[in-house]
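Asks: pasting a predicted model and its sequence here:
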Amino acid sequence: QSDEAGEYLCILNGHGLPPNPQGPFDVAGTLKLEFKNPFLDQESFELKTDSPAFSLKEESIRVEGRAKHFIDITTTDKEAKGKLIVSSLKPDYPPWVYYLKSA
């Protein structure tokens, strides 16, 4: 707002891109993978892997807005490959995909 120009209001619309797959991340026994909540508010996320060779310490996490959380991933397999899939509990949001391989 300005005394000379007054106040200008407009409607602003935007589009975001879905998260890109990341990795592969080497899992040598245990890996602490950093995940950041991109939302402004605290959110819950579901964690799962598509390979039984990788295990997770948690099946779901709750992360403060814009905060980081480390996801513990373990494997005993020497030649495993798979994906970690982090899904928001909000409907219509695409998952975050992290490619994993044992090291």
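Replies: Done, it's in.

Asks: which ones are touching the spatially closest residue to Gly29 that is not a sequence neighbour?
Replies: Leaving aside its chain neighbours, Gly29 sits nearest to Thr74 (6.6 Å; criterion: C-beta to C-beta, 6 or more residues apart in numbering). To be clear about C-beta, it is placed using only N, CA and C from the backbone, and glycine gets the same treatment. Contact partners of Thr74, counting by C-beta atoms under 8 Å, 6 or more residues apart in numbering, are 27, 29-31, 54-55, 57.

Asks: same question for Asp72.
Replies: Per C-beta under 8 Å, 6+ apart, neighbours of Asp72: 30-32, 56-58.

Asks: pairing partners for the helix or strand harbouring it, with directions?
Replies: Assigned by DSSP states H and E, Asp72 falls within strand 68-75. According to DSSP bridges, strand 68-75 forms sheet pairs with strand 30-36 (antiparallel), strand 54-56 (antiparallel).

Asks: quick one: which of the ones you listed is nearest Pro94?
Replies: Closest to Pro94 of these is strand 30-36 (C-beta to C-beta; 14.7 Å).

Asks: for the closest one, buried residues please.
Replies: For strand 30-36, burial by neighbour count (16 or more other C-beta atoms under 10 Å) applies to 31, 33, 35.

Asks: would you turn these into a markdown table with distance to Lys101 and pLDDT?
Replies: Converted to a markdown table, the buried residues of strand 30-36 look like this (distance: C-beta to C-beta, whole Å; pLDDT from 0 to 100):
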| residue | distance to Lys101 | pLDDT |
| --- | --- | --- |
| Leu31 | 10 | 97 |
| Leu33 | 13 | 98 |
| Phe35 | 18 | 98 |
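
Asks: re earlier: what is the subsequent helix or strand relative to the strand holding Asp72?
Replies: Following strand 68-75 toward the C-terminus (DSSP H and E): strand 81-88.

Asks: ok and that next one relative to strand 68-75, angle-wise?
Replies: 150 degrees (axes from the mean of the first three to the mean of the last three C-alpha atoms, to 10 degrees).

Asks: could you give the angle of the very next helix or strand once past strand 81-88 to strand 30-36?
Replies: Downstream of strand 81-88, the first helix or strand assigned by DSSP H and E is strand 96-102. Put simply, strand 96-102 runs at 170 degrees to strand 30-36, going by the same axes, to 10 degrees.
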